[in-house]
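Engineer: I'd like to go over a predicted model; first the sequence, then the structure.
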Amino acid sequence: MTTPQRQNSLPATATDSGPGSLSELGRGVPLYAVPSSAPLYIVEFKAGRTDIFYCADASLQDLRTGDLVIVEADRGRDLGRVINDSITPADVEAYQRQQAENAALQQSQGQSQEEGGGAATKSATKELMPKRIYSKAHPQDTQLLASKTADEMKALQLCQSKVRQKKLPMEVVDAEYQWDRRKLTFYFIADRRIDFRELVRELFRLYKTRIWMACLQGPTAE
């Protein structure tokens, strides 16, 4: 597999932070469109979720493993932790292979659904699209992390209660708010495919934000 060559130009949509670009946020840009001077990083979020990001701001290019960063996310912004600050082309290829395998597994399970956003299944051949790192987390951001964690625990407990009420054969194990609260993800384990559309609708009415259900383990999970 040949890693695409990165260019020195960047599409306008990647740098436009105005209101009109909200729907574009979280899509990222093709790897070849990331400036060659912009280093790449792997950032981790809850439940072991990771993605590749780039940093176009020269003043931020001293990021190191362990740093908390504010990044481009699905129609908004999120907070994650840098777990790799020196990605090589070989790392990118390995990451692409792993992402393709994960996407194929999720598609075969058919276990992700979102209120207000359509189906969440992904193509196993999806092109790698790095997203942007905006800044390091500020002291006030880290202070807000505690309240975010507390709210996630409350959401997890409520979702677990509703799952028990509905007798759904699934175990909800974690909840994660996107940093800007535009999205709330529930991670679950199930032995078979589940129709949780009613659950998603109820959660959407309660939290007034986009709800995403993500399967961590299923019949074909490795």
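Structural biologist: Sure, I can see it. The shown structure was predicted, so the numbers you read here are calculated from the model rather than taken from an experiment. Numbers count the residues shown, from 1 in each chain.
Engineer: what ranges do the helices span in this structure?
Structural biologist: 12-15, 89-109, 139-166, 197-207 (DSSP state H).
Engineer: roughly how far out does the longest one sit from the chain middle?
Structural biologist: When C-alpha coordinates are averaged (CA atoms, centre = their mean, to the nearest Å), helix 139-166 and its chain have centres 17 Å apart.
Engineer: Quick one, which of the helices of the chain gets closest to residue 213.
Structural biologist: Closest to residue 213 of those, according to CB to CB: helix 197-207, at 6.3 Å. C-beta coordinates here come from the backbone N, C-alpha and C atoms, glycine included.
Engineer: quick one on the thing from earlier: which stretch among the helices of the chain comes nearest residue 71?
Structural biologist: Among the helices of the chain, helix 139-166 comes nearest to residue 71, with 11.9 Å by CB to CB.
Engineer: quick one, the closest one and helix 197-207 angle?
Structural biologist: Angle of helix 139-166 versus helix 197-207, following axes from the mean of the first three to the mean of the last three CA atoms, to 10 degrees, is 140 degrees.
Engineer: so who does residue 216 touch?
Structural biologist: Contacts for residue 216 (CB atoms under 8 Å, 6 or more residues apart in numbering) come out as 47, 173, 187, 188, 189.
Engineer: Where does the prediction get shaky in the protein?
Structural biologist: 1-25, 89, 103-126, 218-222 (pLDDT under 70).
Engineer: Strands along that one, start to end?
Structural biologist: With DSSP state E applied, the chain shows strands at 40-44, 50-54, 68-73, 76-84, 113-114, 118-119, 131-136, 170-177, 183-190, 210-217, listed in chain order.
Engineer: Could you dump those strands into TSV and include distance to residue 149?
Structural biologist: Formatted as TSV, these follow (distance: least, CB to CB, whole Å):
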stretch	distance to residue 149
strand 40-44	16
strand 50-54	19
strand 68-73	13
strand 76-84	11
strand 113-114	23
strand 118-119	29
strand 131-136	19
strand 170-177	9
strand 183-190	13
strand 210-217	18
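Engineer: how about those, which one is nearest residue 197?
Structural biologist: Closest to residue 197 of those is strand 113-114 (CB to CB; 6.8 Å).
Engineer: Let's have the helices of the chain in JSON lines, adding mean neighbour count and distance to residue 28.
Structural biologist: Formatted as JSON lines, the helices of the chain follow (neighbours: other CB atoms under 10 Å; distance: least, CB to CB, whole Å):
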{"stretch": "helix 12-15", "mean neighbour count": "13", "distance to residue 28": "8"}
{"stretch": "helix 89-109", "mean neighbour count": "15", "distance to residue 28": "12"}
{"stretch": "helix 139-166", "mean neighbour count": "14", "distance to residue 28": "22"}
{"stretch": "helix 197-207", "mean neighbour count": "16", "distance to residue 28": "25"}
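Engineer: These into TSV, with extra columns for distance to residue 69?
Structural biologist: Compiled in TSV, the helices of the chain are given as follows (distance: least, CB to CB, whole Å):
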stretch	distance to residue 69
helix 12-15	17
helix 89-109	18
helix 139-166	10
helix 197-207	25
